[in-house]
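> only geometry, no sequence info:
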């Protein structure tokens with residue numbers, strides 16, 4: 001099992017690009033969003049604004065480009081992921097409800113987890129399944145390897161993904177540098193809006 005991102009949906013891309021003009025508008029008319037091929041003037045402005053540093057306020061239209069996706073990653077990865085404030089975990093696989101049902105062999109990367117650890121963990125899961133007491137549940141929860149991959153449904157925005165990319169694209173963990181950041185770079189118009197000059 002490797003870190004992966006699935007089921008990606010993007011909302012508000014064109015609308016937010018058009019709305020990037022609002023700070024210099026004296027009036028706001030009915031929002032008319034042209035097709036992407038007719039957005040040239042808006043995109044040029046949005047590119048300029050998108051080059052400002054995260055948190056400067058000039059690139060705040062990026063907050064309106066919402067990205068929803070499923071992220072499957074090791075438990076240790078989510079400790080770092082959770083440091084970002086604008087990403088909401090919509091739902092996730094529950095170790096509380098499903099620990100006895102998971103197919104652990106499909107949820108780990110055996111290249112990085114010692115088979116002895118997995119074997120012992122499976123024994124604890126069998127013990128819990130045979131006798132589902134709170135104490136046995138705690139044994140399983142406390143001994144679950146950090147390398148077990150769990151899936152989450154996530155909502156974020158181009159603004160937050162810009163921050164994540166800037167902080168993590170050269171990270172030593174391949175989950176960031178080889179999976180998440182290249183995926184971010186590949187989002188529609190992300191490079192043009194957020195990474196020009198990088």
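Nice, thanks for sending it over. Note that the coordinates shown come from a computational prediction; the quantities given were computed from them, not determined experimentally.
> domain boundaries for the protein, per the record?
4-90+150-194, 94-148 (automatic domain parsing).
> return the most buried member of these.
domain 4-90+150-194 (a mean of 16; mean count of other C-beta atoms under 10 Å). Quick note: C-beta positions are derived from backbone N, CA and C, even for glycine.
> now it: average pLDDT?
Domain 4-90+150-194 carries an average pLDDT of 86.
> and the end-to-end length of it?
With C-alpha to C-alpha, to the nearest Å as the measure, domain 4-90+150-194 spans 22 Å from end to end.
> the strands in this structure, which residues?
Along the chain, the stretches classed as strands by DSSP state E are 4-11, 66-74, 88-92, 149-157.
> for these, give me TSV that also has distance to residue 48.
Shown next, in TSV, are the strands of the chain (distance: least, C-beta to C-beta, whole Å):
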stretch	distance to residue 48
strand 4-11	21
strand 66-74	22
strand 88-92	29
strand 149-157	19
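> and of those strands, who's closest to residue 114?
In terms of C-beta to C-beta, the element of these nearest to residue 114 is strand 66-74, at 14.3 Å.
> ok now the longest helix that the chain contains, how far from the chain's centre?
Across the chain, the longest stretch assigned as helix under DSSP state H is helix 115-130. Using C-alpha atoms, centre = their mean, to the nearest Å, the distance from the centre of helix 115-130 to the centre of the chain it belongs to is 30 Å.
> out of the strands of the chain, nearest to residue 135?
Short answer: strand 149-157, nearest of these by C-beta to C-beta, at 23.1 Å.
> what packs against the closest one?
Packing contacts for strand 149-157, counted by 3 or more C-beta pairs under 8 Å, 6 or more residues apart in numbering; DSSP states H and E, involve strand 66-74, helix 75-81, strand 88-92.
> direction included, what does it pair against?
Strand pairing for strand 149-157, using DSSP bridges, gives strand 66-74 (antiparallel), strand 88-92 (antiparallel).
> could you tell me the angle between the first one and strand 4-11?
Between the direction of strand 66-74 and that of strand 4-11, the angle (axes from the mean of the first three to the mean of the last three C-alpha atoms, to 10 degrees) works out to 170 degrees.
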